[in-house]
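> for reference, the sequence and a predicted model appear below.
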Amino acid sequence: MLDNSDAFIALPGGIGILVENFQIVPWAQLNIHHKPIGLLNVDGFFNKLLSFLDQAREENFIPHSARQIFIFASTAEEMIDKLEDFVYKPDPVTAQIDWSKGNNSKKRKLDLSLHL
């Protein structure tokens, strides 16, 4: 899905829609992709989710950059316009991480040994 898409758009739906969209948000935060994530807010369906994200941002549970990952629009035309205008704004910390495929030389090994 990630390699074959230019953007992600969620329509009103159930848990599966939210799970799939919230799965790709950390990928954007970790600089794995630079693609917009849109929520088509038909008849205000995602209003409470938007309020939740804003509150989580205000209370410093999520960074501003994470909140900016989402694009909200009420109509398909508005969504297309916003997707076309989307400019990726990398987080200065995670932008330094290289998740390139085949870049095994930079993988770190974790020391999981128990020291008593």
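Yes, it's here. As the structure is a computational prediction, the values presented were derived from the model and not from experiment. Residues are numbered from 1 along each chain as shown.
> all contacts plus neighbour counts: C-alpha atoms, from now on.
Will do.
> looking only at pLDDT, what's the mean for stretch 1-16?
Averaged over stretch 1-16, pLDDT sits at 85.
> where does this protein have low pLDDT?
When residues are selected by pLDDT under 70, those of the chain lie in 93-95, 99-112.
> please enumerate the strands of it.
Secondary structure of the chain (DSSP state E): strands at 8-10, 37-40, 70-73.
> now do the last one: distance to the chain's middle.
Distance of strand 70-73 from its chain centroid, counting by CA atoms, centre = their mean, to the nearest Å, is 11 Å.
> how about the first one?
Averaging C-alpha positions (CA atoms, centre = their mean) puts strand 8-10 10 Å from its chain's average.
> check stretch 73-93 too.
12 Å.
> kindly report the same for stretch 39-53.
Per CA atoms, centre = their mean, the centroid offset for stretch 39-53 relative to its chain is 15 Å.
> with stretch 32-48 instead?
On CA atoms, centre = their mean, the centre of stretch 32-48 falls 10 Å from the chain's centre.
> equivalent analysis for stretch 14-24, please.
Per CA atoms, centre = their mean, the centroid offset for stretch 14-24 relative to its chain is 11 Å.
> what residues of it count as buried?
By neighbour count on 16 or more other CA atoms under 10 Å, the buried set for stretch 14-24 is N21, I24.
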